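K.L.:
this is a predicted model, with the sequence first.
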Amino acid sequence: MMIHQFKKAVHYSVLLGMMVFSHVSVSQTFIDSSFVGKRIVSIQIIGNDRTQSHIIFREMKQKEGDRLDFNMIESDRKRIQNLDLFNRVVIQAQPDGDQVQLNIIVTEQWYVFPYPILFIHDRDWSKFSYGAGIVHLNFRGRRETLNLGFWLGYNPSVQFSYANPWIGGKHHLITQIRFYHNRIRSKHFKEAIDEKHLGMEWTLGKRFGYHTVLGVTFGYREVVFSPPEMVQTLSPSGKDRLPSLDLFYTWDRRDLQEYPHEGWLVSLFARQTGFSRLTAHYLRTGFELRQYFPLTSTWTLAMRLKANLSGGEIPLYDHVYLGYSERIRGYFFDVFEGENRALVSMAFRLPLVPIRYFDLSDHVYFQNLKFGAGLGFFIDSGLTWSQGEMINHSMFKSGYGVGLHLHLPYIHLLRLEWAINDQGRSQFIFDLYVDI
């Protein structure tokens, strides 16, 4: 969520500015090859003062009594890192007679943030919001998330959400509930026309194994325009009442979600909004496919294909865009609107400065903070179109370029990029998190 993202951005800027005063740790800990194949007599977790041990254990395929497999242990370490609860995760092995003991050493992050809200919308620095809120990213030490906040400025809003990634014990169900009241500046009109949204969502899903999630989201929202006389809702009353049902499926085999080197991501969804043809009644379906090819131990080729498709009469407030949450670099600040959207991207990444870990202070939340740098090359192409519109090559917008990737604590990645589009226009881009 944008609140979570901006909170991280504030922390990385403070930490980076004070990095000169920190102690740096360069070396990583590896398991000696002589331990491979030996039986694991015990697994100890060190450093989880707030996080309950079973949250970590349930991400591990290697169990007590198994024979140590280095590749499996490394995959376990990355899955624990993917919990996004720890600054650093290290797994060490030590002899115990003719067997081996595993030590999982974690450095916990700062979890509770009463915070001023200062963030941008749609990756546009001119769309600024401010307010206050509180978020807990590891509620009860179970990786549950609580978030309550309100903000003014651009797109003022109040919202509450709670997410639990594991309920039902061995059945491994997931749930999330969200309530919101937003005033959103319409992306369709150049004039100052607002959409007022009031709604809630409840998600119930199930995790299968370590990589697959299947679920359903039930939603309801009410939408009105302001000023009302300038536009028409789908309902003659001027207020659209929109129940929705969303089915989703995710298969995630990425090794490290914050900066993948190998693996797959497959994501599918189908969302039915409205169940009566007397008012709103339309369908959205979509998919995202990503694949990561490890060209060497550190060089990565990444590919992505993503689409959002529609059926039925689509209201203005549910159009899709390139130029907001999804963008074509080279056309980063241009906006393209439609009822359907598709885009494809390719990236090549290699390290410049290997990731190092540093201690800012003796406090655990400021220890093992990472810093590194890499180089990325990219190509983006995409388009939007309306139902019934014939697609041709001139509708595609494309760009390519190069960027500097900075690995930073809490925020994961800051990208400084230069792009040129298919019209020969170039631009500099400042953005957060991995692109593909």
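P.N.:
Okay, I see it. Numbers count the residues shown, from 1 in each chain.
K.L.:
burial count for Arg88?
P.N.:
When neighbours are defined as other Cβ atoms under 10 Å, Arg88 has 20 of them. Using the backbone N, CA and C atoms, a C-beta is placed for each residue, glycine as well.
K.L.:
nearest spatial neighbour of it, skipping sequence neighbours?
P.N.:
Closest residue to Arg88 apart from its sequence neighbours, by Cβ to Cβ, 6 or more residues apart in numbering: Asn368 at 3.8 Å.
K.L.:
ok, Phe150 next?
P.N.:
Excluding the flanking residues, the one nearest Phe150 by Cβ to Cβ, 6+ apart is Val158, at 4.1 Å.
K.L.:
next, the one you found: secondary structure please.
P.N.:
In three-state terms, and counting by DSSP: H, G, I helix; E, B strand; the rest coil, Val158 is strand.
K.L.:
now do the contacts for it.
P.N.:
149-150, 180-181 (Cβ atoms under 8 Å, 6 or more residues apart in numbering).
K.L.:
what's the pLDDT at it?
P.N.:
Residue-level confidence at Val158 comes out at 89, pLDDT.
K.L.:
what of the one 5 residues further on?
P.N.:
At Ala163 the predicted local confidence, pLDDT, stands at 97.
K.L.:
for the residue with the largest distance to the centre of the chain, what are phi and psi?
P.N.:
Each residue of the chain has a distance to the centre, and by Cα atoms, centre = their mean the biggest one is for Gly97: 43.6 Å. Dihedral angles of Gly97 (phi, psi; degrees, to the nearest 10) stand at phi 70, psi -130.
K.L.:
skip the chain neighbours and tell me the closest residue to it.
P.N.:
The shortest distance from Gly97 to any non-neighbouring residue, by Cβ to Cβ, 6+ apart, is to Val41 (7.7 Å).
K.L.:
can I get the buried part of the contacts of Val158 as one ChimeraX selection?
P.N.:
A single ChimeraX command suffices to select whichever of the contacts of Val158 are buried according to 16 or more other Cβ atoms under 10 Å:
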select :149
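K.L.:
may I see the contacts of Val158 arranged in CSV, with distance to Phe113, pLDDT and secondary structure as well?
P.N.:
Below are the contacts of Val158 laid out as CSV (distance: Cβ to Cβ, whole Å; pLDDT from 0 to 100; DSSP: H, G, I helix; E, B strand; the rest coil):
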residue, distance to Phe113, pLDDT, secondary structure
Gly149, 10, 85, strand
Phe150, 15, 82, strand
Tyr180, 19, 93, strand
His181, 22, 91, strand
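K.L.:
tell me which of the contacts of Val158 is nearest to Glu389?
P.N.:
Comparing those against Glu389 with Cβ to Cβ places Tyr180 closest, at 32.3 Å.
K.L.:
tell me which element Phe287 falls in.
P.N.:
Following DSSP states H and E, one finds Phe287 within strand 282-294.
K.L.:
what residue ranges in the stretch 201-350 of the chain score low on pLDDT?
P.N.:
Flagging of the stretch 201-350 of the chain using pLDDT under 70 yields the residue ranges 227-237, 277-279.
K.L.:
quick check: His407 is in a helix.
P.N.:
No - the assignment for His407, made by three-state DSSP, is strand rather than a helix.
K.L.:
report how many residues lie close to it.
P.N.:
By other Cβ under 10 Å, the residues close to His407 number 21.
K.L.:
so what secondary structure elements neighbour the strand holding Phe287?
P.N.:
The helices and strands touching strand 282-294, judged by 3 or more Cβ pairs under 8 Å, 6 or more residues apart in numbering; DSSP states H and E, are strand 263-273, strand 300-312.
K.L.:
if we can go back for a sec, was I right to think the residue nearest to Gly97 contacts Val100?
P.N.:
Yes - between Val41 and Val100 a contact is recorded at 6.7 Å, counting by Cβ atoms under 8 Å.
K.L.:
between the two, which is the more surrounded one?
P.N.:
Val100 (22 against 15).
K.L.:
could you check the pLDDT of the more buried one?
P.N.:
95.
K.L.:
quick check: which element contains it?
P.N.:
Using DSSP H and E, Val100 falls within strand 99-108.
K.L.:
could you check how far that strand is from the centre of its chain?
P.N.:
The chain centre lies 27 Å from the centre of strand 99-108; the measure is Cα atoms, centre = their mean, to the nearest Å.
K.L.:
CA atoms only: put it into CSV for me.
P.N.:
The C-alpha trace of strand 99-108 is given here as CSV (Å, rounded to 0.1, in the frame of the first residue of the first chain):
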residue,chain,number,x,y,z
GLN,A,99,25.1,-34.7,13.0
VAL,A,100,24.5,-31.0,12.4
GLN,A,101,22.7,-28.2,14.1
LEU,A,102,21.2,-25.3,12.1
ASN,A,103,21.1,-21.8,13.5
ILE,A,104,18.7,-19.4,11.8
ILE,A,105,19.8,-15.9,12.7
VAL,A,106,17.4,-13.1,11.9
THR,A,107,17.6,-9.3,12.4
GLU,A,108,14.1,-8.0,13.0
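K.L.:
now stretch 368-382, how far from the chain's geometric center?
P.N.:
Put simply, stretch 368-382 sits 15 Å off its chain's centre (Cα atoms, centre = their mean).
K.L.:
burial check on the residue nearest to Phe86 when sequence neighbours are not counted, number of neighbours?
P.N.:
Residue nearest to Phe86 in three dimensions, not counting chain neighbours: Val106, with 4.5 Å by Cβ to Cβ, 6+ apart. Residues contacting Val106 under the criterion other Cβ under 10 Å number 24.
K.L.:
can you give me the angle the strand of greatest length in the chain makes with strand 99-108?
P.N.:
Counting by DSSP state E, the longest strand found in the chain is strand 340-359. Interaxial angle, strand 340-359 versus strand 99-108 (axes from the mean of the first three to the mean of the last three Cα atoms, to 10 degrees): 100 degrees.
K.L.:
same for strand 340-359, what does it pack against?
P.N.:
Judged by 3+ Cβ pairs under 8 Å, 6+ apart, strand 340-359 is in contact with strand 23-25, strand 300-312, strand 320-322, strand 369-385, strand 397-408.
K.L.:
between the ones you listed, which one is closest to Ser129.
P.N.:
Judging these by Cβ to Cβ, what sits closest to Ser129 is strand 320-322, at 18.9 Å.
K.L.:
mind giving me the packing neighbours of the closest one?
P.N.:
If contacts are counted by 3+ Cβ pairs under 8 Å, 6+ apart, strand 320-322 sits against strand 336-338, strand 340-359, strand 369-385.
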